[in-house]
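Undergrad: okay, predicted coordinates and the sequence, questions at the end:
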Amino acid sequence: MLVIKKFQIYFLVILFFSACSVSALNNYSSKTKELSFYSNSKLVEKLSFDNPKQKHYLSMPCVSNSYTIEEKNNKYGKLFFEYIDLDNNCIWTGLANGFFETSLNYELKLDSFEVVENIDINNYTFKTYKINNESYLSVVYSYYTNTNMFLLDYEGKFYTKLLKELKPNYESKYLNKKRFVGNYNKSLVRKNIFENYFRHERLKL
């Protein structure tokens, strides 16, 4: 009986920290159409969507909770967001951020793709790319244990706002320069069938 109680307590602790790990990054509410960004368990910014186009994706047994959001936002311009939560028994076969970059480069058929800004803060990575030697594109990466999120910000406006919340002295060098115009809408979860971005690890007995 004592063993069962200990097991129940252990299970509840795991469940609690699993829930915290997700909320520590972001929460999207389809009711309010808001995407909340957290850092050190504190809310730092909210992204309000106007008319989001949300799609859900599955890749069993690794992903049961994944979605993308596309929108031409009235305030921030064109945005693309992907949320991926891997099962505990699954692993990425490489760096998730690197897979997203490779997918961007391939799907947009870019001639050149150069990182000109790379800032790491807590569980966030902010990157701005120089595209085809003439325009700029920004991406916010966020991650925690098995959860990864990618926010593609064509105009760089929300990217800059969120970064300034985390780093108040930040000044953008690329916000007012020519921005890249494109249409990326591919899900890494959907592409995993062919690309093998992540895989299931069998438990060793």
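TA: Arrived safely.
Undergrad: all the strands of this structure, residue numbers only.
TA: 26-29, 34-39, 42-48, 53-56, 63-73, 77-86, 90-92, 113-121, 124-131, 135-144, 147-153, 198-200 (DSSP state E).
Undergrad: what residue is smack in the middle of the protein?
TA: Centroid-nearest residue in the chain, with CA atoms, centre = their mean: residue 149, separated by 1.4 Å.
Undergrad: show me what contacts that residue?
TA: 25-26, 81-84, 140-143 (CB atoms under 8 Å, 6 or more residues apart in numbering). The way it works is simple: take the backbone N, C-alpha and C, and place the C-beta from them, glycine included.
Undergrad: do the same with residue 155
TA: 76-78, 179.
Undergrad: circling back to that earlier point, let's have the strands of the chain in CSV, adding distance to residue 191 and mean pLDDT.
TA: Below are those laid out as CSV (distance: least, CB to CB, whole Å; pLDDT from 0 to 100):
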stretch, distance to residue 191, mean pLDDT
strand 26-29, 21, 81
strand 34-39, 22, 94
strand 42-48, 24, 95
strand 53-56, 13, 96
strand 63-73, 12, 95
strand 77-86, 11, 97
strand 90-92, 13, 95
strand 113-121, 18, 97
strand 124-131, 20, 98
strand 135-144, 17, 96
strand 147-153, 13, 96
strand 198-200, 11, 94
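Undergrad: any chance of TSV for the ones you listed, columns distance to residue 167?
TA: Listed next are these as TSV, based on distance: least, CB to CB, whole Å:
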stretch	distance to residue 167
strand 26-29	18
strand 34-39	11
strand 42-48	11
strand 53-56	30
strand 63-73	23
strand 77-86	21
strand 90-92	27
strand 113-121	6
strand 124-131	9
strand 135-144	13
strand 147-153	16
strand 198-200	31
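Undergrad: closest to residue 99 out of these?
TA: Distance to residue 99, taken as CB to CB, is lowest for strand 90-92 among those, at 7.5 Å.
Undergrad: so which elements touch that closest one?
TA: Contact partners of strand 90-92 among helices and strands, from 3 or more CB pairs under 8 Å, 6 or more residues apart in numbering; DSSP states H and E: strand 198-200.
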